[in-house]
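K.L.:
Dropping a prediction and its sequence here:
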Amino acid sequence: MVTEQIYERPRDYDLEHETDCEDLGFYTQLLSDWRPRRVLELACGSARVTLPLAELGARTSFDIVGVELAQPMLEEAERKRAAAPPDVQSRVTFVRGDMRFWRDDKGRFDVILTPGSSMRHVLTLEDQLAVWRAAWDNLLPGGRFVVDVASPDLAACASAAQVPARKVLDLDTDSTDPVSGERLIRYKAVTYLPHQQCAQTTFLYDKFDRHHRVERYVSDFEAHVYFPRELQLLFLHTGFEIEAIFGDWRRAPLRRTSSQMIAIGRKGEGRQ
């Protein structure tokens, strides 16, 4: 488990994801429906999802724990927590940990979330099973494990089949901070390795102040590509019951054009 360059730069991470808010409504609705007492978010990053959910927790009486491996992201999450209202601060805790092995010695959870396709960082089958088993161990009976991953990029898969494989550089993100005026432009090039079921992505970042470019850097990202049946098998193999599978954050069924897959597993009586 390694962290990419962007996770050493939490402010840049927040800027590139400043418009990513569709999933917040999805998770807010889930937790409003389920009424949990304790929630765990794996790979919580800089708390983009965690703190809004802690605000909900302050209103509906649940606590949330965010587990994060990258220290700079964890420090940024703590900074945001310190700036939150006292009732929100009291509902959220951040912990450094690896989601393959982390267990909570203070009790189990009603819900475990993995937003932002963070599960793509788990590359090997051995590590994937370790994450699913750790989630099982951290859940109360009847608890739910929600896994959100990007759907396979079929265009990238097709490009990989060409000889030689094509690697196209795309303008992926263009974000501007409304306060500082700082602008971040991200380009990406993807290579798909079908024999490993892995996407190797090179992100190229250009940062600008109000007048000119001030920095350029590269962040390489290696991601496992999940397919729907594979995702279901990981749940079933580790003892979960499949409660639901959605194709996007509007709870739509899986369809050919879906950019996301969200699978919800429920902890049954015993691991298979």
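P.N.:
Perfect, I can see it now.
K.L.:
so what are the domain limits for the protein?
P.N.:
5-150+227-267, 154-224 (automatic domain parsing).
K.L.:
So what's the model's average confidence on the last one?
P.N.:
What it means is domain 154-224. Taken as a whole, domain 154-224 has a mean pLDDT of 83.
K.L.:
What ranges does the protein have for its helices?
P.N.:
According to DSSP state H, the chain carries its helices in the segments 10-16, 22-34, 50-60, 71-83, 86-89, 125-138, 154-160, 228-237.
K.L.:
Now those in a markdown table, please, with extra columns for distance to Leu204 and mean neighbour count.
P.N.:
For the C-beta atoms, the positions are set from N, CA and C on the backbone; glycine is no exception. Converted to a markdown table, these look like this (distance: least, CB to CB, whole Å; neighbours: other CB atoms under 10 Å):
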| stretch | distance to Leu204 | mean neighbour count |
| --- | --- | --- |
| helix 10-16 | 12 | 20 |
| helix 22-34 | 25 | 15 |
| helix 50-60 | 28 | 20 |
| helix 71-83 | 20 | 17 |
| helix 86-89 | 36 | 14 |
| helix 125-138 | 28 | 18 |
| helix 154-160 | 17 | 15 |
| helix 228-237 | 30 | 16 |
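K.L.:
which stretch among those comes nearest Tyr217?
P.N.:
Nearest of the helices of the chain to Tyr217, taken as CB to CB: helix 10-16 at 8.9 Å.
K.L.:
chain center to the closest one, what's the gap?
P.N.:
14 Å (CA atoms, centre = their mean, to the nearest Å).
K.L.:
Please export the C-alpha coordinates of it as CSV.
P.N.:
The C-alpha trace of helix 10-16 is given here as CSV (Å, rounded to 0.1, in the frame of the first residue of the first chain):
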residue,chain,number,x,y,z
PRO,A,10,-4.0,17.8,0.8
ARG,A,11,-4.8,21.4,-0.3
ASP,A,12,-4.3,20.4,-3.9
TYR,A,13,-6.4,17.3,-3.4
ASP,A,14,-9.2,19.4,-2.0
LEU,A,15,-9.0,21.8,-4.9
GLU,A,16,-9.2,19.1,-7.6
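K.L.:
So which residue is dead centre in this protein?
P.N.:
Nearest residue to the geometric centre of the chain (CA atoms, centre = their mean): Gly116, 2.7 Å.
K.L.:
Report pLDDT for that residue.
P.N.:
Confidence score, pLDDT, at Gly116: 87.
K.L.:
worst average pLDDT in the domains of the chain?
P.N.:
domain 154-224 (a mean of 83).
K.L.:
how long is it from one end to the other?
P.N.:
14 Å (CA to CA, to the nearest Å).
K.L.:
can you check stretch 206-220 too?
P.N.:
Terminal residues of stretch 206-220 lie 15 Å apart, using CA to CA.
K.L.:
buried set for it?
P.N.:
Residues of stretch 206-220 classed as buried: Lys207, Ser219 (neighbour count, 16 or more other CB atoms under 10 Å).
K.L.:
ok, and what's touching that stretch?
P.N.:
Residues outside stretch 206-220 that contact it (CB atoms under 8 Å, 6 or more residues apart in numbering): 4-6, 12, 181-187, 200-205.
K.L.:
again, only this time at 7 Å
P.N.:
With contacts defined as CB atoms under 7 Å, 6 or more residues apart in numbering, stretch 206-220 is touched by Glu4, Gln5, Ile6, Gly181, Glu182, Arg183, Leu184, Ile185, Thr202, Phe203, Leu204, Tyr205.
K.L.:
Show me how to select, in ChimeraX, the buried members of the residues you listed.
P.N.:
A single ChimeraX command is used to select the members of the contacts of stretch 206-220 judged buried by 16+ other CB under 10 Å:
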select :4,6,182,183,184,185,203,204,205
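K.L.:
Of all pairs in the contacts of stretch 206-220, which one spans the longest distance?
P.N.:
Pairwise over those, using CB to CB, the maximum falls at Gly181 and Thr202, 27.2 Å.
K.L.:
I'd like the contacts of stretch 206-220 laid out as JSON lines, including distance to Pro141.
P.N.:
Shown next, in JSON lines, are the contacts of stretch 206-220 (distance: CB to CB, whole Å):
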{"residue": "Glu4", "distance to Pro141": "36"}
{"residue": "Gln5", "distance to Pro141": "41"}
{"residue": "Ile6", "distance to Pro141": "38"}
{"residue": "Gly181", "distance to Pro141": "52"}
{"residue": "Glu182", "distance to Pro141": "48"}
{"residue": "Arg183", "distance to Pro141": "49"}
{"residue": "Leu184", "distance to Pro141": "44"}
{"residue": "Ile185", "distance to Pro141": "48"}
{"residue": "Thr202", "distance to Pro141": "44"}
{"residue": "Phe203", "distance to Pro141": "41"}
{"residue": "Leu204", "distance to Pro141": "47"}
{"residue": "Tyr205", "distance to Pro141": "45"}
